[in-house]
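In: below is the sequence, then the predicted model.
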Amino acid sequence: MGGDIAKSRDDEKFSEDWQFKDDSFIGGLEHLELRYPFKEGWLLKSEIKTLPGQRDHDLTLEVSKKDLFYARIHYKKFQRYYDDSGGVYKNFATPFLVIPEEPGSDRENLLLELGLTLPDLPIFTFSYERKLRDGEISSLTWGEAEEGGVDRHIVPTIKDVDDNINIIKIGAEYKHDIVNIEVEQRWEFTDLETVRTEKNFDEGLPNTNDAKVIDEKDTFYESSQTTVKLNKTINKKLSLTGGYRYIKIDNDSETILRTLNSSGAINPGGFRKNWFDADSDSDVNSHLWNFNVLAKPIKDLTVQGFLRLKNIHRDSVSTFSNDTSPPFDNSADERHDITARTNNTTFGEGIRVAYKRIPRIAPYFEAEWQQGDIEIKEKESLSGFFQRDTDRDYDKQTYTIGLGFYPFKKFSGSVQYRKVVKKNEYDDDLDTESPTGIDPGGYSAFIDKQDFDTDIYTTRLTAHPINSITTTFRYEYRAQEIDSKMDGLSRELAHVDMQTFSGSVTITPFSNLFITSMVMHQNLRVKTRARNDQAAPTRAFEGDSTTFVNTAIFALNEKTEFSVDYQASLTGNYDENNINDLGLPLEHDYTIQTLTLGVRHKIRKNTTLWSKYSLYDYDESHIADIDDYTEHLLAFGGEIRFR
């Protein structure tokens, strides 16, 4: 295939949405598949995709011999693109900031697999995988903009990434009359280097005293994972499965955080200061035990159950030093040694019962319980200022009841109700004063209790009134209450509810015409309020999103086919809620549309030519419409089959 794109306005946003560049040739080999069997059970398979202008390549090559072995190699290279715009605060004279960089990263994956498949013996497998990532990505940490004494973190931030991952796996699978067993050993080695540049602005211009923050991290990650799975079919009415997984992780990292002025020199009084950490070490050990039962005690009754126990233990040691005065040679003018320990134990149980004996109705019931205990200990060993000793107990219960029904031959549906209750209690044993008796220690706003109460209602209907029409409808209502209590006095309540409507219709009025249309609408509302302060305002937010997908295919004759595809997504975040006065970057009403016209023509039995035209349009409510674009794609291609 081959083609080109005519661009308009913001091509970086277009690349982020559709993941290909509009200023490069998009043609190449879209898909080449080869399957060639030889004598005596030998088989050669390959699949190739290569779009050079887009730097998008995918190659799979496999050779196998029945009842002997297989060897497979898979190589993939592609790019990922990210937006260069930040948040919006309308009260600023410069409410919207865009950085000149065009963030994008190269990705490469190489996978080599080998397998020994001798009959009546275990299947042995080996694989080596290497993943590379190099380039720039958008960071979730935003820079600070200040105007008129008001600060808002709306400046986009870019992170340079150099990621190198190596994964080795060996495994064995053996099926026996006594028990079936699978064993896998996995090792992962990662070297990740990142550099995040955080720019700060004052009155719409780079801050001359505190222009930017550079955060450099170098992380070395090693892990070992051992997995054992067992399954046994006792008889037609009882099956058992179980497993165990052990994970050991060693994570070491180095950090340098520098605050620079406008000339690029280190700023001794910068907002982020000048920290460095020569070595942070974190060790994690995880154990997971799992046991499952599938039983059919009587006809049309199915019972499933599971037991799960998980324990995660983590120890970490970090030394952070602040270099506060010239010559900024990584000398420890201020130092903090922080040790942390976390122990998380979780026990879960569950059961599902389904019955199909009742005419035209299939009821079911599910229940899951989860109990957990998490111990968190953190201490700053030199000054004693950083202290934490928390014991968290939580209990989560999930109950689901529902049924499927089909009262008529051409009508069916289902209804379901789910209740989720999660209770958290935190017992904090804190050192309330530093050794000097001046600065309070620990954290100032610990949560004592936090409860989640969620209700979910779901309905689905399917109708097939006549042979040429099929319709479906689905509705879901989700409501959640979050109740938080702090210090035994403060209390905050949040309410979140979301409604989702979706429906589709498929029409085939003639044998050569196919039409389908789908729409989904979602409404989200969030309200929060400080319950102990009646004067505190309620923070309200409401947003809507609607998506349309429409497709029509018309076969003119056995050789020629026409198609039309239209998709649109619309969102609205309701400006009248004054979200931006609260400093939240949620001013993002937008409409995105795509229209594609296509034609396919078979010139020979094994040869087909095609062409398509696509229109991409994006319009949003950002200031100055800076991310808007309209793009036109015209492409041609062909398909040839050899047998």
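Out: Here it is on my side, so go on. Numbering: from 1, shown residues only.

In: for the stretch 1-150 of the chain, which spans come out with low pLDDT?
Out: Counting by pLDDT under 70, the stretch 1-150 of the chain has low-confidence residues at 8-10.

In: tell me how far Asn251 lies from Val317.
Out: 11 Å (CB to CB, to the nearest Å). Any C-beta I mention is one placed from the backbone N, CA and C, and that applies to glycine too.

In: revised request: answer the last question for Glu561.
Out: Counting by CB to CB, the gap from Glu561 to Val317 is 65 Å.

In: those two: which is more packed in?
Out: Glu561 (18 against 15; other CB atoms under 10 Å).

In: show me what secondary structure element comes after the helix or strand where that one lies.
Out: For Glu561, the element it lies in under DSSP states H and E is strand 560-572. Per DSSP H and E, the first helix or strand lying C-terminal to strand 560-572 is strand 590-604.

In: quick one: contacts of that following strand?
Out: 17, 558-571, 608-621 (CB atoms under 8 Å, 6 or more residues apart in numbering).

In: could you do stretch 138-147 as well?
Out: Contacts to stretch 138-147, defined as CB under 8 Å, 6+ apart, come from residues 82-83, 86-87, 89, 92-94, 97, 103, 151-159, 196, 198-204, 207, 212-213, 271.

In: could you pull out the helices for the protein?
Out: Counting by DSSP state H, the segments of the chain that form helices are 11-18.

In: how close does Ile48 get to Ser316?
Out: Ile48 sits 46 Å away from Ser316 when distances are taken as CB to CB.

In: typo on my end, it should be Ser253
Out: Counting by CB to CB, the gap between Ser253 and Ser316 amounts to 10 Å.

In: quick one: common contacting residues for these two?
Out: In contact with both Ser253 and Ser316: 280, 282, using CB under 8 Å, 6+ apart.

In: low-confidence ranges in the chain?
Out: For the chain, the stretches with pLDDT under 70 are 8-10, 208-211, 269-272, 382-386, 430-446, 487-489, 530-539, 574-588, 622-624.

In: quick check: the residue nearest the centre of it vs Leu118, distance?
Out: For the chain, Leu140 is the residue whose C-alpha lies nearest the centre (CA atoms, centre = their mean; 13.7 Å). Distance, Leu140 to Leu118, by CB to CB: 50 Å.

In: and for Gln370?
Out: 43 Å.

In: more neighbours: those two, which one.
Out: Relative neighbour count places Gln370 above the other of Gln370 and Leu118, with 17 against 11, counting by other CB under 10 Å.

In: surely the more buried one touches Lys396?
Out: Yes: using CB atoms under 8 Å, Gln370 makes contact with Lys396 at a distance of 4.3 Å.

In: straight-line length of stretch 344-364, end to end?
Out: Its first and final residues considered, stretch 344-364 spans 33 Å by CA to CA, to the nearest Å.

In: so for it, what gets flagged as buried?
Out: Neighbour counts over stretch 344-364 (16 or more other CB atoms under 10 Å) mark 344, 346, 348, 350, 352, 354-355, 362, 364 as buried.

In: shared neighbours of Asn251 and Val317, anything?
Out: Asp281.

In: Ser511 - how many residues pack around it?
Out: Residues within reach of Ser511, counting by other CB under 10 Å, total 8.

In: before we move on, what about the one 5 residues further on?
Out: Thr516 sits with 15 neighbouring residues when counted by other CB under 10 Å.

In: tell me how many other residues surround Asn557.
Out: The number of residues packed near Asn557 is 9, by other CB under 10 Å.

In: and what of Thr459?
Out: Other residues near Thr459 come to 14 when the count uses other CB under 10 Å.

In: for it, which non-adjacent residue is spatially closest?
Out: Computed as CB to CB, 6 or more residues apart in numbering, the closest residue to Thr459 that is not its neighbour in sequence is Tyr475, at 4.8 Å.

In: which residues touch the closest residue in space to Ala362 that isn't next to it in sequence?
Out: Excluding the flanking residues, the one nearest Ala362 by CB to CB, 6+ apart is Gly404, at 4.4 Å. For Gly404, the contact set (CB under 8 Å, 6+ apart) comprises 361-362, 412-414.

In: of these, which is the nearest to Thr390?
Out: Using CB to CB, Ser414 is the member of the contacts of Gly404 that lies nearest Thr390, at 42.5 Å.

In: distance of Phe554 from Lys605?
Out: 22 Å.

In: my guess is Asp84 contacts Glu101. True?
Out: Yes: with contact defined as CB under 8 Å, Asp84 reaches Glu101; the gap is 6.0 Å.

In: in stretch 606-615, what counts as buried?
Out: Neighbour counts over stretch 606-615 (16+ other CB under 10 Å) mark 608, 610-612, 614 as buried.

In: mind checking how far stretch 113-133 is from the chain centre?
Out: What separates the centre of stretch 113-133 from the centre of its chain is 28 Å, taken as CA atoms, centre = their mean, to the nearest Å.

In: going forward, count from 817.
Out: In the new count, where the first residue is 817, that last one comes out as stretch 929-949.

In: could I get the CA-only coordinates of it as CSV?
Out: Output of stretch 929-949 as CSV, limited to C-alpha atoms (Å, rounded to 0.1, in the frame of the first residue of the first chain):
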residue,chain,number,x,y,z
GLU,A,929,11.4,-18.8,21.2
LEU,A,930,12.4,-22.4,21.1
GLY,A,931,10.3,-25.4,22.0
LEU,A,932,10.9,-29.2,22.2
THR,A,933,7.7,-31.1,21.4
LEU,A,934,8.6,-34.8,21.5
PRO,A,935,5.6,-37.1,21.9
ASP,A,936,5.0,-38.7,25.4
LEU,A,937,7.5,-36.3,26.9
PRO,A,938,7.2,-32.9,28.6
ILE,A,939,7.1,-29.9,26.3
PHE,A,940,10.2,-27.8,27.0
THR,A,941,10.3,-24.1,26.0
PHE,A,942,12.9,-21.3,26.1
SER,A,943,12.6,-17.7,25.2
TYR,A,944,14.7,-14.6,25.2
GLU,A,945,13.1,-11.1,24.8
ARG,A,946,14.7,-7.7,24.5
LYS,A,947,12.8,-4.5,24.7
LEU,A,948,14.3,-1.1,23.9
ARG,A,949,12.8,2.4,24.3
